[in-house]
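Engineer: My questions concern the predicted model and sequence given below.
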Amino acid sequence: MSETDNYETAASRDGDFASFDDHKKGLLGHFHNALHTNPALVPLIVLVAAVIGFGILLGSRFLSPFALTLILQQVQIVGVLAAAQTLIILTAGIDLSVGAIAVLTSVIMGQFTFRYGIPAPVSVVIGLGVGTALGAVSGWLVSRVKLPPFIVTLGMWQIVLAANYLYSANQTIRSQDIEAEAPFLHFMGVKLQFAGATFTLGVIVMVLLVLILAYALKSTAWGRHVYAVGDDPEAAQLAGVNVHGTLMSVYMLAGFICALAGWVMIGRFGSVSPSATTGVIGNIQAITAVVIGGISLFGGRGSILGAFFGALIVGVFELGLRMAGADPQWTFLLIGVLIIAAVAVDQWIREVSS
């Protein structure tokens with residue numbers, strides 16, 4: 001038998017084994033492969049199931065355009081913060097300061113307008129710049145000083161919260177004053193009516209932000225570098241990726257997005273309050289959306305669309321249970337179950353993939 005015949009025979013045997021393995025893989029194996037290649041699939045399935053379930057339970061009250069768009073309005077701040085948190089977690093980090101930065105930058109936008117008489121559009125730009133600068137500080141400490149992201153952002157959370165109260169003197173800027181003197185600060189709260197549904201510009205900005213980041217992470221070199229750094233920074237460095245530059249860009253962009261969330265927050269609540277609860281619970285809400293959305297806490301795997309679906313899942317459960325007259329504690333219980341289930345699914349995917 002010639003060498004070519006031997007090669008063809010071996011190839012045939014390999015093909016037989018491959019076919020046998022594919023057959024043996026079965027439905028569970030194909031399902032796992034789908035989850036591995038499409039991380040947003042699980043939260044999407046949960047979201048659709050939740051909408052259908054509450055639709056059956058509550059009927060047209062829940063499935064009306066007004067109710068469904070109300071969910072988007074309720075999650076717009078968390079959705080934007082979750083986008084920032086997703087970027088950090090994809091690099092195998094975590095940011096505990098996202099909510100605090102959002103509140104501080106909203107206070108800066110309001111105080112610069114009313115205390116110093118700076119035009120509102122300029123104040124908004126300053127607020128966005130401050131958010132970006134705070135992100136740069138965290139990024140530098142993580143990338144250059146090599147401090148753990150958890151410690152850096154925990155400290156930054158405390159610093160930003162303290163600066164927020166010290167700078168504002170705990171003074172709230174009322175909605176009536178903003179509407180009369182600086183309506184641009186309310187820009188993200190402008191409402192648009194369409195076929196019985198009510199959208200705010202904050203909701204539209206949230207959706208556009210998610211779509212833009214989804215494209216950037218999937219289809220650009222920067223996005224591939226983000227995943228590479230999160231998966232294995234040493235290997236990424238050897239492959240020619242600028243790890244420091246990538247981390248700095250991620251933390252700065254996350255800071256900018258947090259400041260954008262601060263502007264959305266003014267439009268959502270109407271006023272500028274240094275004691276807004278977003279500064280404390282915004283971090284937990286954003287992490288919850290990211291985890292439920294299937295983003296791996298180990299970094300390097302996940303989709304920002306999943307984080308968006310995770311935020312919507314929380315909104316669906318909150319509105320659905322409230323409309324059903326259930327005790328609010330059921331929301332926390334079910335969300336806690338979803339968090340644990342999401343992490344368990346992520347572990348299963350990682351173990352089967354390895």
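Structural biologist: Happy to help now that I have it. Numbers count the residues shown, from 1 in each chain.
Engineer: From what I see, Leu260 and Leu208 are in contact.
Structural biologist: No. Assessed by Cβ atoms under 8 Å, Leu260 is found out of contact with Leu208, at 10.9 Å. Backbone N, C-alpha and C define where each C-beta goes, glycine included.
Engineer: ok, those two, which is more surrounded?
Structural biologist: Leu260 (25 against 10; other Cβ atoms under 10 Å).
Engineer: So that one versus Gln76, what's the distance?
Structural biologist: 11 Å (Cβ to Cβ, to the nearest Å).
Engineer: shared neighbours of those two, anything?
Structural biologist: Contact with both Leu260 and Gln76 is made by residues Val205, according to Cβ atoms under 8 Å, 6 or more residues apart in numbering.
Engineer: ok, which stretches of the stretch 51-200 of the chain are strands?
Structural biologist: Using DSSP state E, counting those that start in this stretch, the strands found in the stretch 51-200 of the chain span residues 191-194, 197-200.
Engineer: highest average neighbour count across the ones you listed?
Structural biologist: Among the strands of the stretch 51-200 of the chain, strand 197-200 has the highest mean neighbour count (mean count of other Cβ atoms under 10 Å), at a mean of 17.
Engineer: Give me the sheet partners of it and which way each runs.
Structural biologist: Counting by DSSP bridges, the strands paired with strand 197-200 are strand 191-194 (antiparallel).
Engineer: Distance to Gln158 and mean pLDDT added to the strands of the stretch 51-200 of the chain, as TSV?
Structural biologist: Shown next, in TSV, are the strands of the stretch 51-200 of the chain (distance: least, Cβ to Cβ, whole Å; pLDDT from 0 to 100):
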stretch	distance to Gln158	mean pLDDT
strand 191-194	36	86
strand 197-200	32	88
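Engineer: looking at these, which is closest to Ser273?
Structural biologist: strand 197-200 (18.7 Å; Cβ to Cβ).
Engineer: which other helices and strands contact the following helix or strand past the closest one?
Structural biologist: Tracing the chain C-terminally past strand 197-200 and defining elements by DSSP states H and E, one meets helix 201-219 next. Here helix 201-219 touches helix 65-90, helix 221-231, helix 243-269, helix 304-323, going by 3 or more Cβ pairs under 8 Å, 6 or more residues apart in numbering; DSSP states H and E.
Engineer: for the chain, which spans come out with low pLDDT?
Structural biologist: The chain contains residues with pLDDT under 70 at 1-26, 28-36, 350-354.
Engineer: Any idea which residue is closest to the centre of it?
Structural biologist: Centroid check for the chain by Cα atoms, centre = their mean gives Ala82 as the closest residue, at 2.1 Å.
Engineer: right, and that residue touches Gly310 too?
Structural biologist: Yes. With contact defined as Cβ under 8 Å, Ala82 and Gly310 form a contacting pair (6.8 Å).
Engineer: Quick check: neighbours shared by these two?
Structural biologist: Taking Cβ under 8 Å, 6+ apart as the criterion, Ala82 and Gly310 both touch Ala289, Val290, Gly293.
Engineer: Let me know the closest of the residues you listed to Leu27.
Structural biologist: Gly293 (24.6 Å).
Engineer: Number of residues surrounding the nearest residue to Leu90 once chain neighbours are set aside?
Structural biologist: Closest residue to Leu90 apart from its sequence neighbours, by Cβ to Cβ, 6 or more residues apart in numbering: Gly230 at 4.8 Å. Residues near Gly230, counting by other Cβ under 10 Å, number 26.
Engineer: Could you pull up the contacting residues of Gly230?
Structural biologist: Ile89, Leu90, Thr91, Ala92, Gly299, Gly300, Arg301.
Engineer: make it 6 Å
Structural biologist: Leu90, Thr91, Ala92, Gly299, Gly300 (Cβ atoms under 6 Å, 6 or more residues apart in numbering).
Engineer: Among those residues, find me the one that's closest to Leu134.
Structural biologist: Thr91 (17.0 Å).
Engineer: Spatially, and excluding backbone neighbours, which residue is closest to that closest one.
Structural biologist: Once flanking residues are discounted, Thr91 sits nearest to Gly230: 4.5 Å by Cβ to Cβ, 6+ apart.
Engineer: From Ala239, how far off is the one you found?
Structural biologist: 14 Å.
Engineer: Could you do Ile77 as well?
Structural biologist: 37 Å.
Engineer: ok, the residue nearest to the centre of the chain - contacts?
Structural biologist: Ala286, Ala289, Val290, Ala307, Ala311.
Engineer: correct me, but the first one touches Ser97?
Structural biologist: No. Counting by Cβ atoms under 6 Å, Ala286 stays clear of Ser97, with 10.6 Å between them.
Engineer: Which one of these two is surrounded by more residues?
Structural biologist: A side-by-side neighbour count of Ala286 and Ser97, using other Cβ under 10 Å, places Ala286 first with 33 against 29.
Engineer: For the stretch 51-200 of the chain, just list every one of the helices.
Structural biologist: Per DSSP state H, counting those that start in this stretch, the stretch 51-200 of the chain carries helices over the ranges 60-63, 65-90, 98-114, 120-143, 149-168, 175-181.
Engineer: In this structure Ser123 contacts Met109, no?
Structural biologist: Yes. Using Cβ under 6 Å, Ser123 makes contact with Met109 at a distance of 4.8 Å.
Engineer: Comparing the two, which residue is more hemmed in?
Structural biologist: Met109 (31 against 24).
Engineer: Could you tell me how many residues sit around the closest residue to that one other than its chain neighbours?
Structural biologist: Nearest residue to Met109 in three dimensions, chain neighbours excluded: Gly127, at 4.0 Å (Cβ to Cβ, 6+ apart). Counted by other Cβ under 10 Å, the residues lying close to Gly127 total 27.
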